[in-house]
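**Student:** Sequence isn't available, so here's the structure alone:
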């Protein structure tokens, strides 16, 4: 008991007219809303859309600012010992402390750290 081609056409037309005709008979329109990530509130999603700089002076300044913030948080006095670097989780400074501390003072400043990075190819300038 199959449906012939004419019956299929009639069914498809009836469905199409029913869907299109539903609007003519007073059915409410569906309002499309853009999909949003359910875990991110819209006010935060707008902030997240701002892409950080991917090159140039602006990116170098951002990297320098973040490095400086981490350093300053670990060394509010302006200089840092190896133990303070280790305690703050700044393993890179801990591992390279002797090379950063050229004067063997037992303390390094952000300027010492930055100079070390630039000498090794960091594009901070």
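**Tutor:** It's in. Quick caveat: nothing in here was measured; it's all calculated off a predicted structure.
**Student:** what about the strands in this protein?
**Tutor:** Assigned by DSSP state E, the strands in the chain fall at 79-80, 108-109.
**Student:** closest one to residue 68 among those strands?
**Tutor:** Among those, the nearest to residue 68 by Cβ to Cβ is strand 108-109 (11.1 Å). In short, each C-beta sits where N, CA and C put it, glycine included.
**Student:** follow-up on the earlier one: can you redo the strands of the chain as CSV with mean pLDDT, distance to residue 5 and mean neighbour count?
**Tutor:** Output for the strands of the chain, formatted as CSV (pLDDT from 0 to 100; distance: least, Cβ to Cβ, whole Å; neighbours: other Cβ atoms under 10 Å):
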stretch, mean pLDDT, distance to residue 5, mean neighbour count
strand 79-80, 94, 83, 22
strand 108-109, 94, 84, 22
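**Student:** got those strands as a markdown table, with distance to residue 97 columns?
**Tutor:** Formatted as a markdown table, the strands of the chain follow (distance: least, Cβ to Cβ, whole Å):
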| stretch | distance to residue 97 |
| --- | --- |
| strand 79-80 | 9 |
| strand 108-109 | 7 |
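**Student:** Residue 84 contacts residue 74, doesn't it?
**Tutor:** Yes. Taking contacts as Cβ atoms under 8 Å, residue 84 lies within contact range of residue 74: 5.8 Å.
**Student:** Which neighbours do the two have in common?
**Tutor:** In the contact map built from Cβ atoms under 8 Å, 6 or more residues apart in numbering, no residue is linked to both residue 84 and residue 74.
**Student:** just to revisit the earlier point, right, and the strands of the chain - which one's nearest residue 60?
**Tutor:** Closest approach to residue 60 among these is made by strand 108-109 (19.7 Å; Cβ to Cβ).
**Student:** what does that closest one rub up against?
**Tutor:** So strand 108-109 is in contact with 78, 79, 80, 93, 97, 100, 101, going by Cβ under 8 Å, 6+ apart.
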